[in-house]
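Peer 1: My questions concern the predicted model and sequence given below.
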Amino acid sequence: MPYIFLDESGQFTKNNKEKYFIVGSFTVGNPRRTEKQFYSWQRNKFPKKLRHQPEIKFSEIKISNILRLKTLKFISNLDVRIRFSYLSKRNIPKEYWKRDKLQSGWLYTNIIGETLEMYLPITDKEFRVFCDQRQLKGIKQSEFKKILKARLLPLLPAESIIQIEMINSKVNANIQIADWISGALAWYLEKKELGQECYQILKNNILDDGKELFKDYWENKILQTKKPQS
């Protein structure tokens, strides 16, 4: 039975320095074990001021880059199997804009659906998904779950059980691990310092190439609007 944990890195419209929005995810056979191991690493390896902090993000400025890379290496040894999706913020389709306002809840729901489809089809009859809790503009959390279940059920065996939950990352170490994965992949895609090293550490845990969403959207739109040559 797969347990899938997801978190994202980046904002859709804020911070112009970021080119990409990334969703990092992983599946693991024993989530309780990875949770205990991550908390143990935090208590023993992080600076004293951070050892009992409820959440340590990949971007934490109080962590040295040496420790950041060591923590990624530790995560890579947890037998996590990674898949990720990403999009260039300039490629967000116009269908997600309404009166110059981004319908980010609907966009996020679609991105999560695209990411989860990377794990399918499977023969297991239980599919359990845990996302970081976030505000969904323009969509209720109940709608978010309903849409994803309707999208995924046809790709699962008959009578499968789907569980989709949003969890506060401060109380779930596996969501924090997903944050570290998505943060590391963001550094790689944004070509930041140490980004290549981050990717090399996680490379053997990544099952597929990252799925770039809406890559050809604007290119196809331009082609459609061009008039044929006479």
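Peer 2: Structure's in. What do you need? Numbers count the residues shown, from 1 in each chain.

Peer 1: Flag the shaky bits of this structure, pLDDT-wise.
Peer 2: Residue ranges of the chain with pLDDT under 70: 1, 14-16, 217-230.

Peer 1: Next secondary structure element downstream of the longest helix along it?
Peer 2: Looking across the chain with DSSP state H, the single longest helix is helix 173-189. Remark: after helix 173-189, the chain's next helix or strand is helix 195-202, criterion DSSP states H and E.

Peer 1: distance between that next one and the chain's centre?
Peer 2: 16 Å (C-alpha atoms, centre = their mean, to the nearest Å).

Peer 1: cool, and stretch 148-165?
Peer 2: On C-alpha atoms, centre = their mean, the centre of stretch 148-165 falls 19 Å from the chain's centre.

Peer 1: Hey, what's the angle from the longest helix of the chain to helix 195-202? Just curious.
Peer 2: Helix 173-189 runs at 130 degrees relative to helix 195-202, counting by axes from the mean of the first three to the mean of the last three C-alpha atoms, to 10 degrees.

Peer 1: which residues does residue 211 contact?
Peer 2: Going by C-beta atoms under 8 Å, 6 or more residues apart in numbering, residue 211 touches 83-86, 114-115, 118. For the C-beta atoms, the positions are set from N, CA and C on the backbone; glycine is no exception.

Peer 1: Just flag the most distant two among the residues you listed.
Peer 2: Spanning the widest gap among these are 86 and 118, at 12.1 Å by C-beta to C-beta.

Peer 1: Pick out whichever of those two has more residues nearby.
Peer 2: Using other C-beta atoms under 10 Å as the criterion, residue 86 and residue 118 rank with residue 86 on top: 24 against 16.

Peer 1: and the more buried one, bridged to which residues?
Peer 2: residue 22, residue 212 (DSSP bridges).

Peer 1: Correct me if wrong: it contacts residue 19.
Peer 2: No. If you go by C-beta atoms under 8 Å, residue 86 and residue 19 don't touch, sitting 9.6 Å apart.

Peer 1: Identify the contacts common to those two.
Peer 2: residue 189.

Peer 1: can you give me the helices for this protein?
Peer 2: Going by DSSP H, the chain shows helices at 31-45, 65-76, 104-117, 141-152, 173-189, 195-202, 217-225.

Peer 1: Output the ones you listed as TSV; include the columns distance to residue 132.
Peer 2: Formatted as TSV, these follow (distance: least, C-beta to C-beta, whole Å):
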stretch	distance to residue 132
helix 31-45	15
helix 65-76	16
helix 104-117	11
helix 141-152	13
helix 173-189	5
helix 195-202	19
helix 217-225	26
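
Peer 1: quick one: which of the ones you listed is nearest residue 165?
Peer 2: helix 141-152 (8.1 Å).

Peer 1: Could you report the separation of the residue nearest to residue 52 when sequence neighbours are not counted from residue 151?
Peer 2: Using C-beta to C-beta, 6 or more residues apart in numbering and skipping the chain neighbours, the partner closest in space to residue 52 is residue 43 (7.6 Å). Plainly put, residue 43 is 39 Å away from residue 151 if you go by C-beta to C-beta, to the nearest Å.

Peer 1: the more surrounded of those two?
Peer 2: residue 151 (17 against 12).

Peer 1: Pretty sure the more buried one sits against residue 113.
Peer 2: Yes. At 4.9 Å, residue 151 and residue 113 qualify as touching, with contact defined as C-beta under 8 Å.

Peer 1: Residue 161 bridge partners, please.
Peer 2: Beta bridges link residue 161 to residue 126, judged by DSSP bridges.
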